[in-house]
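[1] dropping the sequence and predicted coords here.
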Amino acid sequence: MRVSAPAIICVFALAASAAGCDEKLSDVAGPTPNLQPTFSSIQREIFSAADSSGRVACTQCHNPGNRTNAAALSLAEGVAYGELVNVASSRKAGATRVVPGQPEASYLIHKIEGRSDIVGQRMPRTGGPFLTPGQISVIKRWIALGARND
């Protein structure tokens, strides 16, 4: 079998570009170096814990014991998944909190990025520190992979 020169060049170009994207997840996750694109990791590292940047745990407000229980959403362990995935937003009509396979259609992403289409404030409402772009990327990756309860 004879391989053409342009085909060989394309293979080398693809290999070089893939090597350039070989960034360790811990480098991207910033103040949460153990963060992985799994629900259990996001629950442990983002929802239930503060991080080294000073960001508060999401469960500080989003818990059943909170008088106002922010947006009627509990991110407490054991209930968060059922309150996020394929669940309509209580504040924005027509929005779904997490749409498996579709991070851009997931209202959770809009809220943590502070997009212009959100109702209310960017999360966390404390005014920051907010999740880093790397942390958000890991959450987007979990959603893109199907938002499994893993």
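    Okay, I see it. Numbers count the residues shown, from 1 in each chain.
[2] what are the boundaries of the helices in the chain?
    Remark: helices assigned in the chain by DSSP state H are 5-20, 25-28, 39-42, 80-84, 107-113, 133-144.
[3] not counting its neighbours along the chain, what's nearest residue 125?
    Distances taken as Cβ to Cβ, 6 or more residues apart in numbering put residue 61 closest to residue 125, at 6.8 Å, once the chain neighbours are dropped. C-betas here are computed from N, CA, C, even on glycine.
[4] can you give me the pLDDT of the one you found?
    Residue 61 carries a pLDDT value of 88.
[5] ok, now residue 66?
    69.
[6] residue 65 versus the residue most central in space within the chain, what's the distance?
    Taking Cα atoms, centre = their mean as the criterion, residue 139 is the residue nearest the geometric centre of the chain, at 1.9 Å. As for residue 139, its distance to residue 65 is 24 Å (criterion: Cβ to Cβ, to the nearest Å).
[7] rewinding a little: so how far is residue 146 from the residue nearest to residue 125?
    According to Cβ to Cβ, residue 61 and residue 146 sit 27 Å apart.
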